[in-house]
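Give me coordinates for this.
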Amino acid sequence: MDRIHWFAVSNPEQKRFPEWRRSFGISDNGIVFVPAAMAGDDSELNVMLCAAAEGQSTVVHLDHHFVPSGWLKREFPKHFELIEIIEARAQLTLAAAF
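Residues are numbered from 1 along each chain as shown. Next up, the predicted model:
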């Protein structure tokens, strides 16, 4: 697996979300990883197992499962718009870093 670079957005004012909920990863080949918990009602373990069963790369960061954003949008579209925002932020981060 490629190396993954991890980023976390800052907490919104008056909120205290844990870092893992505010994190995303970008692999060396451009895959964006988001928390599996974004799927909604399913447990993050079940989401990770579904992704792995479909041949998707999964990773653990800060003791939580992360899955490819594109896969999560297709299979669990509950937070489609939020995932698109994260992907856009990832692209901006890549452009600024490299």
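
Tell me the bridge partners for the residue nearest the centre of the chain.
Closest residue to the average C-alpha location of the chain: residue 34 at 0.5 Å, with Cα atoms, centre = their mean. Beta-bridge partners of residue 34, counted by DSSP bridges, are residue 67.

mind listing what it touches?
Contact analysis of residue 34 by Cβ atoms under 8 Å, 6 or more residues apart in numbering lists 24, 66-69, 72, 83, 86. C-beta coordinates here come from the backbone N, C-alpha and C atoms, glycine included.

redo that, cut-off 7 Å
Counting by Cβ atoms under 7 Å, 6 or more residues apart in numbering, residue 34 makes contact with 24, 66-67, 69, 72, 83, 86.

Grab the nearest non-local neighbour of residue 18.
residue 62 (7.9 Å; Cβ to Cβ, 6 or more residues apart in numbering).

Can you tell me how far the one you found is from residue 88?
To residue 88, residue 62 is 22 Å away according to Cβ to Cβ, to the nearest Å.

Test my guess that the residue nearest to residue 18 contacts residue 22.
No - between residue 62 and residue 22 there is no contact under Cβ atoms under 7 Å: 10.1 Å.

more crowded one of those two?
residue 22 (16 against 13; other Cβ atoms under 10 Å).

That one against residue 9, yeah?
Yes - using Cβ under 7 Å, residue 22 makes contact with residue 9 at a distance of 4.8 Å.

end to end, how far does stretch 71-83 reach?
From its first residue to its last, stretch 71-83 covers 11 Å (Cα to Cα, to the nearest Å).

i'd like the first residue to be 12 from this point on
New numbering, starting at 12: the last item is stretch 82-94.

pLDDT (mean, whole number) over that stretch?
Per-residue pLDDT values across stretch 82-94 average out to 92.

And it, what's buried?
Judged by neighbour count (16 or more other Cβ atoms under 10 Å), stretch 82-94 contains these buried residues: 82-84, 87, 90, 94.

Tell me if residue 59 really is in a helix.
Yes - assessed with DSSP: H, G, I helix; E, B strand; the rest coil, residue 59 lies in a helix.
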